[in-house]
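A.B. asks: Model the following, please.
(one chain, ligands or ions: 2)
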Amino acid sequence: MSQAQILIIDDEISMRQLLKYIFRSESYQITTVGFGKEALELIEKQPFDLIIQDMMLPDIEGIDLLNQIRALQKQAMVIVITAVVGWKTAVEAMRIGAFDYIRKPFNNDNIKAVVARALKYKAVLDSMSGRPIDGIHIIGNSPQIQQVQDIIRRAAPTDSTIIIHGESGTGKELVARALHLASLRRENVFIPVNCAAISETLLESELFGHLKGSFTNAIADKKGLFEVSNNGTLFFDEIGEMSLQTQVKLLRVLEYREFVPVGGTQPMQVDVRFITATNRNLEKEIEKGDFREDLYYRLNVIPIALPPLRERKEDIPLLAGHFLALYASRLHKYVTEISEEVMQLLLNYHWPGNIRELSNLIQRAIVLCEGNIIVKEDLGNYIQIENKKKEDFTYFPPEGVNLEGKLEELEKKYIVEALKITKGSLTNAAKLLNLSFRSLRYKVKKYKLET
Ligand SMILES: Nc1ncnc2c1ncn2[C@@H]1O[C@H](COP(=O)(O)OP(=O)(O)OP(=O)(O)O)[C@@H](O)[C@H]1O
Ligand SMILES: [Mg+2]
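C.D. replies: Numbers count the residues shown, from 1 in each chain. Ligands and ions are numbered 1, 2, ... in the order given. All right, here's what the predicted structure looks like:
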C-alpha cells in the first residue's frame with residue numbers, strides 16, 4: 001500500500017496530538033478533525049484507508065457516526081476508541097463493522113499494533129478485488145490462469161459450446177459460472193446438472209421433462225431442465241458419467257436445438273448455451289467405447305483446461321490470502337496473516353484436492369487459530385508429513401528475499417551435513433564438498449560450526 005491515509009476523529013485536542021505523536025515515525029498521512037460532521041464532510045470527498053473514531057463526540061452519537069462512515073466508505077477500516085464505561089458500545093461498534101476497538105486509557109504500542117494489523121488486513125482485502133469477472137473472482141496471476149481468464153473473456157459473449165477439463169477442485173464450476181455471468185445470458189438462469197449424481201432414468205425426465213401419464217408416477221406435466229434453462233446456460237458437470245443412451249439424445253439437442261419430452265410427440269425448440277465439464281480423459285473413454293465421438297466433437301468447440309494447483313504454485317499465496325480474507329470475515333475472526341513458515345508448507349504441498357482443498361485447509365486453520373497469524377500448529381499435522389517429501393519451492397514475500405542470507409543458509413546446511421557424514425573430518429568433508437581444506441576451515445569458522 002502506498003502511504004496509508006488515516007483520519008482521526010476526536011474532540012479532545014490533546015488526544016489528537018497524542019495520536020499524531022504516536023504515529024510520528026510511521027509513514028502515514030494523518031488528518032485530524034474534532035467533530036463528527038466535519039469528519040463526514042471529509043469522508044464524502046476523500047477515501048481513507050483507516051479511520052480512528054472516538055465514540056464520545058459532542059455533535060453526533062458514536063454509533064450513528066460509525067453507521068454513516070460505513071455507508072460512505074465500506075472499504076475503510078474503522079477503529080473506535082471508547083472509555084472503559086463504553087464497553088457495550090464497543091461491542092455494538094464491532095457488530096456494525098468496526099475493525100477493532102481501543103479502550104481508554106490505552107497503551108501506545110497497543111494502538112500502533114492494532115492500526116498496523118488493520119492496514120495489513122485492508123491490503124489483503126484490496127488484493128482480493130483483483131480483476132473480477134462480473135462478481136466472480138478467479139484468482140491467480142500465473143500465466144496459465146491468466147490464459148484461462150482471457151479465454152473466458154473472449155468466449156463468454158459468444159454462444160459457443162465450451163468444455164472445461166480439470167482435476168477435482170480446480171475450479172470447473174467457478175469457470176462455468178463466470179462464463180455465464182460474462183455472457184449476454186447473464187440475466188437468465190444458469191443451471192448446473194451433475195450427471196454423476198442423477199440416475200439414468202431420472203436424468204432423462206429431468207432433462208427433457210415429461211407429460212402427465214407418460215409413466216406410472218407422472219401425475220402431472222413436468223418441465224425439463226432444457227425447457228427451464230431456455231435463454232440461459234446449462235452446465236453439465238461430469239459429462240463423462242452420462243450413459244450412451246442419454247448421450248444420443250443430448251447430441252440431438254445440440255444439433256437441432258430441439259427435444260421431445262418423455263411421453264410427448266411434439267418437439268420443442270430451445271435456445272440454450274451448453275457448458276460441460278469433466279475430470280476424465282474423454283478421448284480415452286471414446287477409445288473404450290464409453291463416450292460417443294460425435295458428441296465429443298460437438299462439445300469440444302472451445303476447450304478450457306484448468307491446471308492443477310501444483311503446476312501453478314505462484315498462485316498459492318494469492319489464493320491463500322483470498323480464502324483468509326473470505327473466511328476470517330465470515331467467521332468473524334481477525335486473522336490477518338499467514339506465517340512465512342506455513343506459506344512455505346503450503347507451497348511445498350502437492351494439493352491432490354486442488355483449490356477446494358486449500359480453501360478447506362485455510363478455513364480450518366482460521367477456526368483453530370488463536371492469534372492473528374496462522375501458524376504451523378493451526379494446520380494440525382495435515383500437510384506437514386507430506387511436505388517432507390516435496391521439493392523446495394521458491395517463494396518471494398512482499399518485502400523480497402535476502403538472497404545472500406539464503407545462500408549462506410544453504411551453504412551451512414551442506415557443510416553441517418558433510419561434517420556429519422565424515423564424522424567431523426575436515427579433510428573428507430572438503431572432498432565431499434569439492435572445496436579446498438583451507439576454504440572449508442574458513443567457512444566452518446565463519447559459521448561457528450562444531451567439528
Ligand atoms: N481461481 C480461483 N479463485 C478463487 N476461488 C477458486 C478458484 N478456483 C476454484 N475456486 C474455489 O474452489 C472451490 C472448488 O471449485 P469448483 O467447485 O469450481 O471446482 P470443480 O473443478 O468443479 O471441482 P469438482 O471436480 O470437485 O467438482 C470453490 O469453492 C471455488 O469457488
Ligand atoms: Mg464441480
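A.B. asks: residue contacts, whichever residue of the chain sits closest to ligand 1?
C.D. replies: Residue nearest to ligand 1 within the chain: Gly171 (2.7 Å; CB to the nearest ligand atom). Every C-beta, even on glycine, is put in place using the N, C-alpha and C of the backbone. Listed by CB atoms under 8 Å, 6 or more residues apart in numbering, the contact set of Gly171 reads Ile138, Leu306, Asn354, Ile355.
A.B. asks: PyMOL command to pick out the buried ones of those residues?
C.D. replies: In PyMOL syntax, the buried subset of these is picked out as below (16 or more other CB atoms under 10 Å):
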select buried, resi 138+306+354+355
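A.B. asks: Tell me which of the contacts of Gly171 fall in helices.
C.D. replies: Asn354, Ile355 (DSSP state H).
A.B. asks: Out of the contacts of Gly171, which are close to ligand 1?
C.D. replies: Among the contacts of Gly171, the residues that sit close to ligand 1 (CB under 6 Å from any ligand atom) are Ile138, Ile355.
A.B. asks: Turn the contacts of Gly171 into TSV, columns for pLDDT.
C.D. replies: Shown next, in TSV, are the contacts of Gly171 (pLDDT from 0 to 100):
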residue	pLDDT
Ile138	87
Leu306	96
Asn354	95
Ile355	96
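A.B. asks: Quick check: the farthest pair among the contacts of Gly171?
C.D. replies: The largest separation in the contacts of Gly171, counting by CB to CB, is between Ile138 and Asn354 at 13.6 Å.
A.B. asks: where does the stretch 351-451 of the chain come near ligand 1, residue by residue?
C.D. replies: With CB under 6 Å from any ligand atom as the criterion, the stretch 351-451 of the chain meets ligand 1 at residues Ile355, Arg356, Ser359.
A.B. asks: 8 Å instead?
C.D. replies: By the rule CB under 8 Å from any ligand atom, the part of the stretch 351-451 of the chain lying against ligand 1 is Gly353, Asn354, Ile355, Arg356, Leu358, Ser359.
A.B. asks: burial count for the closest residue to the fifth one other than its chain neighbours?
C.D. replies: With CB to CB, 6 or more residues apart in numbering as the measure, Leu319 is the residue that lies nearest to Leu358, at 5.8 Å, once sequence neighbours are left out. Each residue near Leu319 was counted by other CB atoms under 10 Å, and the total is 22.
A.B. asks: of all the residues of the stretch 351-451 of the chain next to ligand 1, which comes closest to Leu440?
C.D. replies: Distances from Leu440 to these, taken by CB to CB, are shortest for Leu358, at 42.6 Å.
A.B. asks: I figured the closest one hits Phe323, correct?
C.D. replies: Yes: counting by CB atoms under 8 Å, Leu358 does reach Phe323; the two are 6.7 Å apart.
A.B. asks: now the helix or strand that Leu410 is a member of: how far from the chain's centre is it?
C.D. replies: According to DSSP states H and E, Leu410 maps onto helix 403-421. Computed by CA atoms, centre = their mean, to the nearest Å, the chain-centroid distance of helix 403-421 equals 36 Å.
A.B. asks: can you check stretch 247-262 too?
C.D. replies: 38 Å.
A.B. asks: Name the residues of it that are buried.
C.D. replies: Applying a neighbour-count criterion of 16+ other CB under 10 Å, one finds Gln247, Lys249, Leu250, Leu251, Val253, Leu254, Phe259, Val260, Pro261, Val262 buried in stretch 247-262.
A.B. asks: so the closest residue to the third one other than its chain neighbours, which of the three states?
C.D. replies: Using CB to CB, 6+ apart and skipping residues adjacent in sequence, the residue nearest Leu250 is Leu295, 6.5 Å away. Classification of Leu295 using DSSP: H, G, I helix; E, B strand; the rest coil returns helix.
A.B. asks: do Phe235 as well
C.D. replies: Following three-state DSSP, the label given to Phe235 is strand.
A.B. asks: follow-up on the earlier one: got a list of what the residue nearest to Leu250 touches?
C.D. replies: Here Leu295 is in contact with Gln247, Leu250, Leu251, Leu254 (CB under 8 Å, 6+ apart).
A.B. asks: how close does it get to Asn360?
C.D. replies: Remark: distance between Leu295 and Asn360 (CB to CB, to the nearest Å) = 34 Å.
A.B. asks: In the protein, where is pLDDT below threshold?
C.D. replies: The chain contains residues with pLDDT under 70 at 1, 84-87, 95, 121, 124-135, 382, 384-399.
A.B. asks: Would you mind listing what in it touches ligand 1?
C.D. replies: Residues of the chain found near ligand 1 (CB under 8 Å from any ligand atom) are 137-140, 145, 164, 166-177, 237-238, 277, 279, 306, 315, 319, 322-323, 353-356, 358-359.
A.B. asks: So which of those are in helices?
C.D. replies: Of the positions in the residues of the chain next to ligand 1, 145, 172-177, 319, 322-323, 354-356, 358-359 sit in helices, assigned by DSSP H.
A.B. asks: out of those, which one sits closest to Gly400?
C.D. replies: The closest of those to Gly400 turns out to be Leu319 (CB to CB; 21.1 Å).
A.B. asks: Just the buried residues of the helix or strand hosting Glu287, please?
C.D. replies: Using DSSP H and E, Glu287 sits within helix 282-288. Of the residues in helix 282-288, Leu282, Glu285, Ile286 count as buried by neighbour count, 16+ other CB under 10 Å.
A.B. asks: do the same with stretch 44-52
C.D. replies: Result for stretch 44-52 [16+ other CB under 10 Å]: buried residues Phe48, Asp49, Leu50, Ile51, Ile52.
A.B. asks: Identify the residues contacting the second one.
C.D. replies: In other words, Asp49. Going by CB under 8 Å, 6+ apart, Asp49 touches Met1, Ala4, Gln5, Ile6, Ala76, Met77, Leu119, Lys122.
A.B. asks: ok, now with 6 Å
C.D. replies: Ala4, Gln5, Lys122 (CB atoms under 6 Å, 6 or more residues apart in numbering).
A.B. asks: so where's the longest helix in the protein?
C.D. replies: From DSSP H, the single longest helix across the chain is helix 108-128.
A.B. asks: what are the C-alpha coordinates of it, in CSV please?
C.D. replies: Output of helix 108-128 as CSV, limited to C-alpha atoms (Å, rounded to 0.1, in the frame of the first residue of the first chain):
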residue,chain,number,x,y,z
ASN,A,108,0.9,3.4,22.8
ASP,A,109,2.3,0.2,21.4
ASN,A,110,-1.0,-1.4,21.6
ILE,A,111,-2.7,1.2,19.4
LYS,A,112,0.2,1.1,17.0
ALA,A,113,-0.2,-2.7,16.6
VAL,A,114,-3.9,-2.5,16.1
VAL,A,115,-3.5,0.1,13.4
ALA,A,116,-0.8,-1.9,11.6
ARG,A,117,-2.9,-5.0,11.8
ALA,A,118,-5.9,-3.2,10.3
LEU,A,119,-3.9,-1.8,7.5
LYS,A,120,-2.5,-5.2,6.7
TYR,A,121,-5.9,-6.7,6.7
LYS,A,122,-7.1,-4.0,4.3
ALA,A,123,-4.2,-4.8,2.0
VAL,A,124,-5.4,-8.4,1.8
LEU,A,125,-9.0,-7.3,1.1
ASP,A,126,-7.7,-4.9,-1.6
SER,A,127,-5.6,-7.6,-3.3
MET,A,128,-8.7,-9.8,-3.4
